[in-house]
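**Student:** Take this sequence and fold it.
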Amino acid sequence: MATVTLAKALNEGLRKTMENDPKVLVMGEDVGALGGVFRVTDGLQKDFGEDRVIDTPLAESGIIGTAVGLAIRGFRPVCEIQFDGFVFPAFDQIVSQVAKMHYRSGGHVKLPITIRIPYGGGIGAVEHHSESPESYFCHTPGLKVVTCSNPADAYWMIQQTVANDDPVVFFEPKRRYWDKADVEMTGTAPMPLWKARVARPGNDLTLIAYGPMVKVALDAAAAAAEEGKSIEVIDLRALSPIDWPVVEDSVRRTGRAVVVAEAPSYASLTSEVAARLQEKLFYSLEAPVLRVTGYNTPFPPSRVEEDYLPDLDRVLDAVDRSLEA
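**Tutor:** As a prediction, the model looks like this:
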């Protein structure tokens, strides 16, 4: 058992998978000598060499295009996109090549590519550094999408992702990089990669969150408990595919659901979750499924980002509205 930050847990997970499989490569802007802008790859180039931890040009399309060729030749590239807003130059490669190659080949070609993307706000960054683009990739057939919310999941999920034969977009909540927790780094992963987690059990309402919003949801559940409200918190972990049985079983039991995410609400992952629950569980619901999200505007300047991001008060307001319905 070790007490580590989420960033360090990712570092240790990458180190472990590189030790276990010589075909695993790490590539991206400043991932080598610098160790990444968030130091997630710190020390890896020193220990594994420049042939396996590759500093690339500032060209996201080139990073992903190179990874496609490497994957076809049997490697397992782990690509770092330095910030969420920088992924769009690579969007064509991801959607047109990475997502389709396995199907285009009739299942003969596998693309075990991991695309790591730090995402979300809360760090006082400038534009293009605080976005939440996960819905674009969840909407794309052929891609799998996951996100961690705590150091333990970070350590195990990155290893499970790299070992997977499908292309996976791995979203890392950048404002949680410095959160610390005890992580068991021996044995096997405690949960399958695609399994949702009941982060806090409850009976009155289900809060559904992922990535950076899981901590906010847990804080809201703790605050609600002081008023006698029993709130269950679900950490989705996998965004595509979603572990619907865990989510639906919880909402069927509580009869109420609030979905929380940093991303804007329109045509988003929260839209899909709300639609699915109201389609499948209409007669079990005691109130409409509510959503607490970022606003439908570009991410604002850092001095006002706290007014944009869902916070404890906004989540508790939605909980109260649902319970009063």
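
**Student:** domain assignment for this protein?
**Tutor:** 2-183, 197-324 (automatic domain parsing).

**Student:** For the protein, just list every one of the strands.
**Tutor:** For the chain, the strands defined by DSSP state E occupy 2-5, 24-28, 53-55, 76-80, 114-119, 144-147, 168-173, 180-183, 197-200, 205-209, 231-235, 238-240, 257-264, 290-294.

**Student:** so which of those comes closest to residue 44?
**Tutor:** Among these, the nearest to residue 44 by CB to CB is strand 53-55 (4.7 Å). Bear in mind the C-beta positions are built from the backbone N, C-alpha and C, glycine included.

**Student:** what's next to that closest one, contact-wise?
**Tutor:** Outside strand 53-55, the residues that touch it by CB atoms under 8 Å, 6 or more residues apart in numbering are 25-33, 41, 44-45.

**Student:** same check, this time on stretch 220-235
**Tutor:** Residues external to stretch 220-235 that are found in contact with it (CB under 8 Å, 6+ apart): 149, 153, 196-210, 214, 217-218, 246-247, 250, 254, 312, 315-316, 319, 323.

**Student:** cool, and stretch 101-111?
**Tutor:** For stretch 101-111, using CB under 8 Å, 6+ apart, the contacting residues are 68, 71-72, 98, 142, 165-167.

**Student:** So which of these wins on neighbours?
**Tutor:** When neighbours are taken as other CB atoms under 10 Å, the top entry among these is residue 167 (29 neighbours).

**Student:** Surely that one touches residue 95?
**Tutor:** No: applying CB atoms under 8 Å as the test, residue 167 and residue 95 come out as separate, 10.9 Å apart.

**Student:** would you list the domains of the chain in JSON lines and tack on distance to residue 191 and mean pLDDT?
**Tutor:** What follows is the domains of the chain, written out as JSON lines (distance: least, CB to CB, whole Å; pLDDT from 0 to 100):
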{"stretch": "domain 2-183", "distance to residue 191": "8", "mean pLDDT": "97"}
{"stretch": "domain 197-324", "distance to residue 191": "7", "mean pLDDT": "97"}
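
**Student:** can you list the ones you listed in a markdown table and add distance to residue 189?
**Tutor:** Formatted as a markdown table, the domains of the chain follow (distance: least, CB to CB, whole Å):
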| stretch | distance to residue 189 |
| --- | --- |
| domain 2-183 | 4 |
| domain 197-324 | 12 |
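
**Student:** Which one of the ones you listed lies nearest to residue 190?
**Tutor:** Across the domains of the chain, closest to residue 190 is domain 2-183 (CB to CB), at 6.8 Å.

**Student:** can you give me how far that closest one is from the chain middle?
**Tutor:** Distance of domain 2-183 from the chain centroid (CA atoms, centre = their mean, to the nearest Å) equals 11 Å.

**Student:** so residue 100 makes contact with residue 143?
**Tutor:** No: taking contacts as CB under 8 Å, residue 100 lies outside contact range of residue 143: 9.7 Å.

**Student:** Mind checking which of those two has more residues around it?
**Tutor:** When neighbours are counted by other CB under 10 Å, residue 100 and residue 143 differ, and residue 143 comes out ahead with 21 against 17.
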